[in-house]
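Engineer: Kindly return the folded structure for what I paste below:
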Amino acid sequence: MLKVSKLTVEGLEQNVVTDEKKPHFSVKLLADGQNVEVKSCHIEVKDCSGSEMWSIDTKRQIEIPYEGKPLEPMTDYQVKIVVTDNRGESAEGETSFRTGLMGQRWYGKWISDGTYSFTEKNVSPEPMMFRKKVKPISKLRKAYIYSTALGTYECKVDGKKVGNRYFAPGFTSYKHNLQYQVMDVTDRFEDEKEKEISFTLCGGWAVGSFIYSRKNRFAADRQALLAQIHFLYESGEEEIIGTDETWDVTRKGPLKMSDLYDGEYYDSTVVVNDRDYIKAGIEKLRVNPKIQAECGEPVIEHEIFKPVKVTDKDREIIYDFGQNFAGIVRFTVRSAKKGQ
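Structural biologist: Here you go, the predicted model:
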């Protein structure tokens, strides 16, 4: 038996978005015999209409570069692979990838809370919340959010988190490179009603306290957001709504503090009202990084641990999980009162 156990595009198995003009394909195989060799590896790449973009027969398995017709920005492609071994057995695998902006200009502008002067040392800035209400204008085919930030961000649609990432847009040398994410939110707009898109921005590595000396403001004086919503309609039309001065921002949200070292302080009793928001301002960055599609595995939740021991001593509850790990805490609070 020959089996394709892993098929990747640019090293990723799923949800691949790439700005690479010549993305690379790799395949991992499982075989039940000895001395099994690959005799032929046939790869086909087709566009969303089924038209062939490229095909190749090779014996390679790792980092096979695409050499076909030029790929279009913001387009889905299908990949099929057929591998034959020296015993005559074959195995098939399929995957897909989507191209990113591929150097096209951003319609969104960098925005921030222009009233916020963050000058304190050795700490992280106050979290910012941005919002914008949007609504499709006709029958929707697809909806995507393209977003990045100086700082770390979390995106929500009508209060529900989009995707499963943490610490987006990821750790890079922000003076030179900045990743952006592409999130499919078609299911959030299936009813074609108005929805509120919101982003919460914390300091992260770009603005927050970092390294042993807890230095901050490495790449920016305060957080900044760059995003745009793409509505693709059944008619073939496309609408792009980018971040600009029409977006709202506040620092009065329930997340009061967020730091890579000190964790977070979240006040669940806080209710944000319309009067708590102000209009966002256009932000002039002091760095000019190359903005490119995310090129590595995101930080996600992948395991759940339960405490092996609980100690209640001097009004302090200690949960022992039996090992060191990095993660978040999930718990339920009952009968909570404001201020407690």
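Engineer: E92: what's it in contact with?
Structural biologist: V4, K80, I81, V82, V83 (CB atoms under 8 Å, 6 or more residues apart in numbering). All C-beta spots, glycine's among them, are computed from the backbone N, C-alpha and C.
Engineer: Just give the nearest non-adjacent residue to E234, would you?
Structural biologist: K139 (4.2 Å; CB to CB, 6 or more residues apart in numbering).
Engineer: To which secondary structure element type does W205 belong?
Structural biologist: helix (DSSP: H, G, I helix; E, B strand; the rest coil).
Engineer: gap between it and A220?
Structural biologist: Remark: distance between W205 and A220 (CB to CB, to the nearest Å) = 10 Å.
Engineer: In terms of neighbours, single out the busier of the two.
Structural biologist: Per other CB atoms under 10 Å, whichever of W205 and A220 has more neighbours is A220, with 24 against 21.
Engineer: returning to that earlier point: identify the contacts common to W205 and A220.
Structural biologist: Common contacts of W205 and A220, defined by CB under 8 Å, 6+ apart, comprise Y174.
Engineer: contacting residues around the spatially closest residue to Y319 that is not a sequence neighbour?
Structural biologist: Sequence neighbours aside, P307 is the residue nearest to Y319 in space, at 4.1 Å (criterion: CB to CB, 6+ apart). By CB under 8 Å, 6+ apart, P307 lies in contact with Y319, D320, F321, G322.
Engineer: Please flag which of those residues sit within strands.
Structural biologist: Among the contacts of P307, DSSP state E puts Y319, D320 in strands.
Engineer: can you list the contacts of P307 in a markdown table and add neighbour count and distance to E194?
Structural biologist: A markdown table is the format used below for the contacts of P307 (neighbours: other CB atoms under 10 Å; distance: CB to CB, whole Å):
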| residue | neighbour count | distance to E194 |
| --- | --- | --- |
| Y319 | 13 | 42 |
| D320 | 10 | 47 |
| F321 | 12 | 43 |
| G322 | 10 | 48 |
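Engineer: Using a markdown table, please lay out the contacts of P307 together with distance to E67 and pLDDT.
Structural biologist: Formatted as a markdown table, those follow (distance: CB to CB, whole Å; pLDDT from 0 to 100):
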| residue | distance to E67 | pLDDT |
| --- | --- | --- |
| Y319 | 54 | 91 |
| D320 | 55 | 93 |
| F321 | 49 | 92 |
| G322 | 51 | 92 |
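Engineer: nearest to G236, of the contacts of P307?
Structural biologist: Nearest to G236 among the contacts of P307 is F321, at 52.8 Å by CB to CB.
Engineer: Where does the closest residue to the closest one other than its chain neighbours fall, secondary structure wise?
Structural biologist: Of all residues not flanking F321 in the chain, F305 sits nearest, at 5.0 Å (CB to CB, 6+ apart). Per DSSP states H and E, F305 falls between elements, in no helix or strand.
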